[in-house]
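**Student:** Starting from these lines, generate the structure:
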Amino acid sequence: MGIVYRAQDPTIGRIIAIKSIRLNEFTDAEERTRLRERLFREAQSAGILSHPNIVTIYDILEENGLAYIFMEFVNGKPLDDILRSKELPPNLQLIELLAQTGSALDYAHKKGIIHRDVKPANVMVHEETVAKVCDFGIAKITSQSMTQTGVVMGTPSYMSPELIKGETLTGASDQFALAIMAYEILTGRKPFTADYLPTLFYKVCSEEPPSVHELNPTLGPLADRAVRKALAKKPEDRYATCAEFVTVLQRALAGTPEWTPMAKGPMPVADETTTGSGGRLATVFAEPQAASQASGTEPPVAAPEPVAEPADHARAAEQTTPSMRIPIRDMEAQKQAARSSGPNKGLLAAGAVALLAIAGFFGYTQMSKPPVDPVPDPVIAKPSGKDKKGALPAANGKKAPDPAVPKQAVAPATPPVAKPSEPPPSRGQKDFDVAFATAPAGATITADGSQTCTAPCPLKLTLGRHGIQIALTGHLTTFKTIEVPQVLDLFVTLPEATGVLSVISTPPGATIMVDGKSRPEKTPTKLTLREGPHNIEIVSGTLRYSHDVNIQQGGIHQVKAQW
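**Tutor:** Now for the predicted structure:
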């Protein structure tokens, strides 16, 4: 379908990524128009967002049947690849990535944009430390309606109940998906899984997920309570913002600082598959059917080709977003196949009932042909070989399970046994004095969610691992994990929490004063100011305009004077 290039901007020398899509490969005018609209929607949605945790879009171009998006280069892997690796990053680092993702989503929500496809595959990790939310291809600007009648857009296992039902969306829908990401980090599995899409939808809308504490014994009950609130069925029962959810979760996890994240394993879930024969969803991972899409033909519904999980980052770059639009005709195919199936008659009959109930409940409208979303994820990678028609490499040799053979139950990955805590110090051993210092000074140091002091200061800590939170008003809160006695002093530089202020005047060229101090910039301009209240004065000759503004972390504010 296209290639993502790593390129250099010859004007200023910076490295960028270029996503290219072959629009001229689509002989079907309707499909070509749909792809072009999604491509430009991705650029427009992300283009109006300027946040350190959102992939920046620089420009978009369409020429000779090819479309290009010029974007920020991200040197790293998708979070999904990281969660599947054998060696996971430290627990606090994973939660910090979650916090950065939440901050980016809150910022987008303030700008009136709902992502609608939040998942680990759409969060790139730059230099192993910075989360970058990408792929706004199905994002919805709240003032506009972009939903197509009769289809559901998104990745099923990450959909909120209101998105499945086609109700009005708010930022709480993205928060629901963020909570599913948190659930995966904590337990290594999704909260809702099923072999049938209607069954999955029913679970998301009606059932409570297993407790994270039961799936991962290293966690405490407070962590389960924090996640469960963000997974509430009603949007109004969730947290006010994504940042509030992550903050509550961080406090809950501080009570069990030695908790261990669990690696993500492959599971037969509906959002990663297409319908198999007999109505059952094959235990395979979705990959774009490039040949049928490029020729304009309709991909088969009943018997898809088996595909396999992408093995590395380069292959992941060639995958289209596994977002799914589910017309009612696909549900009807599953229902009919379930009725005619033999060996699994009882199970499939129950599936048919669920299909009828869910289809009636959600009121899907039959479509003439299933629409396609062939835009690839903006994953940064060099192009690997494709043929001239843009077809993707063939899948490896894994096969879908034979529908004639009764399917064996797939048990969830067994959670690791909680590691025994470090041995307590002997009866005659004293606690260790650990010294803390920050720049700037005055930060509040919280150890294990209980002991506190104001830096520079010492705390008495026992032998073993401890979770440390460093917080100072106007600065970004930092989390560290230390081992005592290996670490007996800790110095942390706290970056300022900042926002952007746009200062405009008519006529332009006015002098700007911030908190009584003159700035070298003239209007119109953008200023980066620390979080908190500020007084802004705009002066032009004898004319003076004064305004108080409260800068929020990551926010964009505006002050305008017109004489």
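**Student:** Residue ranges in this structure under the pLDDT threshold?
**Tutor:** Residues of the chain that meet the criterion pLDDT under 70 lie in 1, 26-27, 137-153, 265-430.
**Student:** And it, split by domain according to the record?
**Tutor:** Annotated domains of the chain cover 2-72, 76-141+155-270, 273-286+324-375, 432-493, 498-562 [automatic domain parsing].
**Student:** what's the neighbour count on Pro508?
**Tutor:** Residues lying near Pro508 (other CB atoms under 10 Å) number 11. C-beta coordinates here come from the backbone N, C-alpha and C atoms, glycine included.
**Student:** re the thing from before, buried deepest among the domains of the chain, which one?
**Tutor:** Of these, the one with the most neighbours on average (mean count of other CB atoms under 10 Å) is domain 76-141+155-270, at a mean of 21.
**Student:** quick one: the strands in the stretch 51-200 of the chain?
**Tutor:** Ranges of strands within the stretch 51-200 of the chain are 57-63, 66-72, 76-78, 113-114, 123-126, 130-133, 140-141, based on DSSP state E, counting those that start in this stretch.
**Student:** who touches Thr506 in this structure?
**Tutor:** Residues counted as contacts of Thr506 (CB atoms under 8 Å, 6 or more residues apart in numbering) are Lys560, Ala561, Gln562, Trp563.
**Student:** brain fart, Thr498
**Tutor:** Thr498 sits in contact with Thr528, Leu529, Arg530, Glu531, Ile551, Gln553, where contact means CB under 8 Å, 6+ apart.
**Student:** who does it bridge with?
**Tutor:** When bridges are called by DSSP bridges, Thr498 pairs up with Arg530.
**Student:** how far away is it from Gly47?
**Tutor:** From Thr498 across to Gly47, the span is 21 Å (CB to CB, to the nearest Å).
**Student:** do Gly467 as well
**Tutor:** Using CB to CB, we find Gly467 at a distance of 38 Å from Gly47.
**Student:** With adjacent residues omitted, what lies nearest to Ala232?
**Tutor:** Of all residues not flanking Ala232 in the chain, Arg238 sits nearest, at 5.0 Å (CB to CB, 6 or more residues apart in numbering).
**Student:** do the same with Asn122
**Tutor:** Of all residues beyond its chain neighbours, the one nearest Asn122 is Asp135 (4.5 Å), with distances taken as CB to CB, 6+ apart.
**Student:** Was I right to think the one you found contacts Val123?
**Tutor:** No - judged on CB atoms under 8 Å, Asp135 makes no contact with Val123 at a distance of 9.4 Å.
**Student:** what ranges do the helices span in the stretch 101-250 of the chain?
**Tutor:** Assigned by DSSP state H, counting those that start in this stretch, the helices in the stretch 101-250 of the chain fall at 161-165, 171-187, 197-206, 212-215, 221-230, 242-254.
**Student:** Is it possible to get TSV of those that adds distance to Leu463?
**Tutor:** Shown next, in TSV, are the helices of the stretch 101-250 of the chain (distance: least, CB to CB, whole Å):
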stretch	distance to Leu463
helix 161-165	47
helix 171-187	26
helix 197-206	44
helix 212-215	26
helix 221-230	25
helix 242-254	19
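**Student:** which stretch among those comes nearest Asp489?
**Tutor:** helix 242-254 (21.1 Å; CB to CB).
**Student:** any residues touching that closest one, and which ones?
**Tutor:** With contact meaning CB under 8 Å, 6+ apart, helix 242-254 is reached by 91, 95, 98-99, 101-103, 105-106, 109, 171, 174-175, 178-179, 182, 219-220, 222-223, 225-227, 229-230, 238-239, 259, 446, 448-449, 467, 469, 479.
**Student:** any idea of the angle that helix forms with helix 221-230?
**Tutor:** For helix 242-254 against helix 221-230, the angle by axes from the mean of the first three to the mean of the last three CA atoms, to 10 degrees is 160 degrees.
**Student:** orientation of helix 242-254 relative to helix 171-187 in degrees?
**Tutor:** Using the same axes, to 10 degrees, one finds that helix 242-254 and helix 171-187 are set 20 degrees apart in direction.
**Student:** thought Val434 was touching Phe491?
**Tutor:** No - counting by CB under 8 Å, Val434 stays clear of Phe491, with 11.8 Å between them.
**Student:** and Ala179, what is it in contact with?
**Tutor:** By CB under 8 Å, 6+ apart, Ala179 lies in contact with Val227, Ala230, Leu231, Arg238, Phe245.
**Student:** again with Ser20
**Tutor:** Ser20 makes contact with Gly2, Ile3, Val4, Tyr5, Leu66, Ala67, Tyr68, according to CB under 8 Å, 6+ apart.
**Student:** and if we set it to 7 Å?
**Tutor:** Listed by CB atoms under 7 Å, 6 or more residues apart in numbering, the contact set of Ser20 reads Gly2, Ile3, Tyr5, Leu66, Tyr68.
**Student:** of all these, which comes closest to Tyr202?
**Tutor:** For these, the residue nearest Tyr202 by CB to CB is Gly2; the value is 36.0 Å.
**Student:** How about that closest one: what's its closest non-neighbour residue?
**Tutor:** Leaving out its chain neighbours, the residue that sits closest to Gly2 by CB to CB, 6+ apart is Ile21, at 4.0 Å.
**Student:** tell me which element the one you found is part of?
**Tutor:** Using DSSP states H and E, Ile21 sits in strand 15-22.
**Student:** Val4 now?
**Tutor:** If you go by DSSP H and E, Val4 is part of strand 2-8.
**Student:** follow-up on the earlier one: neighbouring strands - and their directions - for the strand holding Ile21?
**Tutor:** According to DSSP bridges, strand 15-22 has the following sheet partners: strand 2-8 (antiparallel), strand 66-72 (antiparallel).
**Student:** To Val539, which of the ones you listed lies closest?
**Tutor:** Per CB to CB, nearest to Val539 of the strands paired with strand 15-22: strand 66-72, 36.6 Å.
**Student:** relative to strand 57-63, how tilted is the closest one?
**Tutor:** Using the same axes, to 10 degrees, strand 66-72 lies at 170 degrees relative to strand 57-63.
**Student:** what about Asp448, distance to Lys460?
**Tutor:** Look at Asp448 and Lys460: by CB to CB, they are 12 Å apart.
**Student:** Ramachandran coordinates for Arg544?
**Tutor:** Backbone torsions for Arg544, taken as degrees, to the nearest 10, come to phi -140, psi 140.
**Student:** now the spatially closest residue to Leu231 that is not a sequence neighbour: how far from Glu72?
**Tutor:** Nearest residue to Leu231 in three dimensions, chain neighbours excluded: Ala179, at 4.9 Å (CB to CB, 6+ apart). Counting by CB to CB, the separation of Ala179 from Glu72 is 27 Å.
**Student:** Equivalent analysis for Ser103, please.
**Tutor:** For Ser103, the distance to Glu72 - CB to CB - is 17 Å.
**Student:** Likewise for Gly171?
**Tutor:** Gly171 is 23 Å from Glu72, by CB to CB.
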